[in-house]
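> build me a model:
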Amino acid sequence: MIVWTVANHKGGVGKTTTTVTMGGLLAQAGNKVILVDTDPQASMSYYFGVDSEQLASSLFDVFTQANTLTIEIVLDCLCPTKLH
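Residues are numbered from 1 along each chain as shown. The predicted model follows:
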């Protein structure tokens, strides 16, 4: 498994665009890809048509419930896309 991170403190530098493009190219090449949106504004989720306000769980829940974390909370954070 290879893990890549795209990060920059400054906004508007293409983090979401780079991540979505790279993920799409890797998926087209036959790789299994999971994209994790840690942006508080949920830019990547919005890009894929996911309304982050409607999710049962989020990464906030994963991070804040570390002591009582269940697999259900983690699985609730996963959102399939049209590209799956």
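> below-threshold pLDDT in this structure: ranges please.
Using pLDDT under 70 as the threshold, the predicted model of the chain has low-confidence ranges 82-84.
> can you give me the strands for it?
Assigned by DSSP state E, the chain shows no strands.
> what's the spacing between the closest residue to W4 other than its chain neighbours and M1?
Spatial nearest neighbour of W4, excluding adjacent residues (CB to CB, 6 or more residues apart in numbering): M22 at 7.2 Å. The C-beta positions use only the backbone N, C-alpha and C, and glycine is treated the same way. With distances taken as CB to CB, to the nearest Å, M22 is found 16 Å from M1.
> do the same with G11
29 Å.
> of those two, give the one with the bigger neighbour count.
For G11 and M1, the more surrounded residue by other CB atoms under 10 Å is G11, and the numbers stand at 9 against 3.
> show the backbone phi and psi for that one.
Note on G11: its backbone torsions stand at phi -80, psi 160 [degrees, to the nearest 10].
> what residues are up against C79?
Taking CB atoms under 8 Å, 6 or more residues apart in numbering, we find C79 in contact with 45, 48, 50, 55.
> make it 10 Å
Residues near C79 by CB atoms under 10 Å, 6 or more residues apart in numbering: 35, 37, 45, 48-52, 55.
> got TSV for those residues, with neighbour count too?
As requested, the contacts of C79 are exported to TSV (neighbours: other CB atoms under 10 Å):
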residue	neighbour count
L35	20
D37	21
S45	20
F48	15
G49	9
V50	16
D51	10
S52	17
L55	16
